[in-house]
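> Would you be able to build a 3D model of this:
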Amino acid sequence: MRKILTVMVFLSLLYLTACSGKVANNDQSGASSKELVVVDYGGAMSEAMQKSKYEPFEKENDVKITIVSPTDVGKLKAMVDGGNVEWDAVVADSDIALRLEQEGLLEDLDFDIIDKSGFMPELVTTSSIGNELYFTNIAYNTDVFDEDNHPKTWKEFWDTEKFPGGRTLHKSPMGTLEIALLADGVSPDELYPLDVERAFKSLDKIKSEVKVWWDAGAQPAQSLATKEVVLAAAWNGRVSAAKAGGAQVANEFNEALAMADSWIIPKGAPNKDLAQKFISFVSQPEQQAEYSKLIDYAPPNEKALDLLPDEIKENIGRSSKDAENQITVDIEYWAKNFEEINEKFDNWLLSN
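Numbering: from 1, shown residues only. I've put the predicted structure just below:
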């Protein structure tokens, strides 16, 4: 009997050992033990980021990136205030990033590991660094206007006699007030602080020709393509995408307004050290150049421009010719003044 019990115990031990071995093998199946939650705006931008930035980082660092879209600033604030942060690295508009920093809702970036050399200084703060550069620029329908005969300045955009037809403008004061002042003759180096009342008077002159006040980036290109309007203040990448899809639209980069979004880390992020490493990686010129090869947005790291062919630099508005007369939007000004000016802008839209 004891022999039988001994054999049974021995067999039981063999079974348990085999099972434990299987568990160990499952743990080493190749799945990453590290996870990073990254938040971006979704769509084509997110797809390009996955190929040029996220997937290379995963492979190089044995990390699984979980993507959440779109960026929700209200949710980020609630997470930080509630002490229950789920996100690690977030893309946000650069002016919003600065506001969040000023409210104490972000981790400081570690510039001992993040190389900020080559970055536009306007897009580097204590808690943020530029992700992509895009433009609010003149766009036009190429059935109505050709390459030689279309508005090339905002003053000409305002000239409804020389260039007749409906317009579309962004339903936001940021960028819209700047182009209104440029149209009224203000020099680019004298834009800030904005003369808000002068901007509204300038907008009064063209308000009747603005057929669409857009609040989604795809709208201007769609309105141009259907000839609902013939001229637009639009985001360059959306126009480029529509053109690639066969729409009769084009960008004009003279007097374009350079705007950006930036990388941030919410205060209390669960994997903030890994997030610092991630932001360091995606800020490198090589990753930024690869991104601009996939989508028509420019790298804020100007070292990446040296890695791009001339054709792409022209498509993203960063040729030497285009760059001469472009204006960088002052994010510090808007971080401080947006709420007050936006209220005035909304009231102006509702007025006759």
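> Kindly report the domain assignment for the chain.
As given by automatic domain parsing, the domain ranges for the chain are 34-133+260-323, 135-258+327-350.
> Let me have those domains in a markdown table, adding mean neighbour count and mean pLDDT as columns.
(Each C-beta comes from the backbone N, C-alpha and C, glycine too.) A markdown table is the format used below for the domains of the chain (neighbours: other C-beta atoms under 10 Å; pLDDT from 0 to 100):
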| stretch | mean neighbour count | mean pLDDT |
| --- | --- | --- |
| domain 34-133+260-323 | 19 | 97 |
| domain 135-258+327-350 | 18 | 97 |
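> Return the distance of E35 relative to V91.
With the distance defined as C-beta to C-beta, to the nearest Å, E35 ends up 18 Å from V91.
> what do you get for S128?
10 Å.
> Next, show the common contact partners of these two.
S262, W263, I264 (C-beta atoms under 8 Å, 6 or more residues apart in numbering).
> Phi and psi next, for the last one.
Per-residue torsions, I264: phi -140, psi 160 (degrees, to the nearest 10).
> Could I get the contacting residues of it?
Contacts were defined as C-beta under 8 Å, 6+ apart; by that measure I264 touches A89, V90, V91, A92, A97, L100, E101, L106, S127, S128.
> Go through those and flag which are in strands.
A89, V90, V91, A92, S128 (DSSP state E).
> In a markdown table: those residues, plus distance to E55.
Output for the ones in strands among the contacts of I264, formatted as a markdown table (distance: C-beta to C-beta, whole Å):
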| residue | distance to E55 |
| --- | --- |
| A89 | 15 |
| V90 | 19 |
| V91 | 16 |
| A92 | 22 |
| S128 | 24 |
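> Of the residues you listed, just say which sits nearest to L203.
A92 (27.4 Å; C-beta to C-beta).
> so is V212 in a helix, a strand, or just coil?
Applying DSSP: H, G, I helix; E, B strand; the rest coil to V212 yields a three-state assignment of strand.
> That one against Q222, yeah?
No - between V212 and Q222 there is no contact under C-beta atoms under 8 Å: 9.3 Å.
> between those two, what contacts are shared?
By C-beta under 8 Å, 6+ apart, the residues touching both V212 and Q222 are E228.
> I67 is in contact with K53, isn't it?
No - with contact defined as C-beta under 8 Å, I67 does not count as touching K53 (11.1 Å).
> how close does E339 sit to G175?
Here E339 is placed at a distance of 16 Å from G175 (C-beta to C-beta).
> ok, now W158?
For W158, the distance to G175 - C-beta to C-beta - is 15 Å.
> returning to what we had before: so which of the contacts of I264 is the closest to I113?
A89 (13.7 Å).
> Specify the beta-bridge partners of the closest one.
A89 has these beta-bridge partners by DSSP bridges: V38.
> Quick one: residues contacting it.
L36, V37, V38, V39, W263, I264, I265, A269, A275, F278, I279.
> Now render those as JSON lines, adding distance to S208.
Shown next, in JSON lines, are the contacts of A89 (distance: C-beta to C-beta, whole Å):
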{"residue": "L36", "distance to S208": "50"}
{"residue": "V37", "distance to S208": "47"}
{"residue": "V38", "distance to S208": "44"}
{"residue": "V39", "distance to S208": "40"}
{"residue": "W263", "distance to S208": "41"}
{"residue": "I264", "distance to S208": "40"}
{"residue": "I265", "distance to S208": "46"}
{"residue": "A269", "distance to S208": "49"}
{"residue": "A275", "distance to S208": "49"}
{"residue": "F278", "distance to S208": "49"}
{"residue": "I279", "distance to S208": "46"}
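> I'd say E252 and N149 touch.
No - counting by C-beta under 8 Å, E252 stays clear of N149, with 11.5 Å between them.
> Was I right to think L274 contacts D110?
No - using C-beta under 8 Å, L274 is not in contact with D110, being 11.7 Å away.
> can you tell me how far K211 sits from P164?
K211 is 13 Å from P164, by C-beta to C-beta.
> Kindly report the same for I279.
If you measure I279 against P164 using C-beta to C-beta, the figure is 48 Å.
> likewise L76?
Counting by C-beta to C-beta, the separation of L76 from P164 is 45 Å.
> State whether A139 is indeed within a strand.
Yes - assessed by three-state DSSP, A139 belongs to a strand.
> wait, what's in contact with it?
Listed by C-beta under 8 Å, 6+ apart, the contact set of A139 reads 220-221, 224, 231-234, 236, 239, 249-252.
> How about A221: what's its closest non-neighbour residue?
Leaving out its chain neighbours, the residue that sits closest to A221 by C-beta to C-beta, 6 or more residues apart in numbering is A242, at 3.7 Å.
> Report the contact partners of the one you found.
By C-beta under 8 Å, 6+ apart, the contact set of A242 is A221, Q222, L224, A225, V249.
> what's the angle between the strand or helix carrying it and strand 210-214?
Under the criterion of DSSP states H and E, A242 resides in helix 236-244. Put simply, helix 236-244 runs at 110 degrees to strand 210-214, going by axes from the mean of the first three to the mean of the last three C-alpha atoms, to 10 degrees.
> chain center to helix 236-244: distance?
In terms of C-alpha atoms, centre = their mean, to the nearest Å, the centre of helix 236-244 is found 15 Å from the chain centre.
> measure I341 to L133 for me?
For I341 relative to L133 (C-beta to C-beta), the value is 23 Å.
> Equivalent analysis for A275, please.
Counting by C-beta to C-beta, the gap from A275 to L133 is 22 Å.
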